[in-house]
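Asker: need a structure here:
(one chain, ligands or ions: 1)
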Amino acid sequence: MHNKTMRVHSDDVTRATKEALVRRGVTLEDIAEIVYAMQSPYNEGLTMQHCVSSVDRVLNKREVQHAVLVGIELDELAEKKMLSAPLQQIIESDEGLFGVDETIALGSVFTYGSIAVTTYGHLDKQKVGIINQLDTVPGDHVHTFLDDLVGSIAACAASRIAHRWRDLEEMGQTFAAVDPVSFGKKVKKLAEI
Ligand code: MG
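Answerer: Just a heads-up that it's a prediction; the model follows:
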């Protein structure tokens with residue numbers, strides 16, 4: 001059923017996405033730290049602020065927002081034991097062969113190309129930074145989807161940096177020449193200039 005009057009404004013979806021991450025204990029800075037750890041050895045002049053801006057930009061993408069909202073909703077419902085059997089047990093126990101958590105997270109990575117896909121695979125295995133904390137957190141928390149989602153956001157933000165680096169290299173510049181704030185903004189299309 002398509003009903004334009006029921007359509008949610010993009011700003012509301014963006015806000016809900018960021019709030020959902022913070023509610024689950026993940027800040028933009030936490031994700032940016034993963035990005036910085038992966039990209040700073042290869043990108044002269046790259047700062048944490050560039051990485052925070054890159055993460056922020058990724059969180060404005062609808063594919064990413066929808067994946068985050070679906071995954072976190074399922075984690076939270078599982079935590080409240082509100083899912084039906086046997087899905088409740090499968091998600092709650094982070095069943096190794098489940099795989100839907102990885103698939104949803106991977107789906108949102110494709111927008112950022114092959115570098116994002118391979119980086120996502122690397123993070124899934126190495127569990128850098130807060131991904132490892134989410135994976136090993138004690139207590140009744142369910143982070144079955146969240147750890148993969150954080151990996152996908154970090155992978156997308158890292159891919160943006162790798163692509164920008166090539167542009168900078170061709171112009172004989174480094175990230176020192178890039179304003180960290182505008183790096184988080186959408187690049188205007190020619191028609192808009
Ligand atoms: Mg998982």
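
Asker: element containing residue 153, please.
Answerer: Applying DSSP states H and E as the criterion places residue 153 in helix 146-170.

Asker: which residue is nearest the centroid of the chain?
Answerer: Nearest to the geometric centre of the chain sits residue 153, at 1.6 Å (Cα atoms, centre = their mean).

Asker: What about residue 142? Give its phi and psi, please.
Answerer: The phi/psi pair for residue 142 (degrees, to the nearest 10) reads phi -110, psi 120.

Asker: What parts of the chain come near the ion?
Answerer: When proximity is defined as Cβ under 5 Å from the ion, the chain approaches the ion at 101, 144, 147-148. Every residue, glycine included, has its C-beta placed from N, CA and C.

Asker: most neighbours, which of the residues you listed?
Answerer: residue 148 (28 neighbours; other Cβ atoms under 10 Å).

Asker: Please name the nearest non-neighbouring residue to that one.
Answerer: residue 105 (3.7 Å; Cβ to Cβ, 6 or more residues apart in numbering).

Asker: give the contact list for residue 158.
Answerer: By Cβ atoms under 8 Å, 6 or more residues apart in numbering, the contact set of residue 158 is 34-35, 38-39, 54, 115-116, 119.
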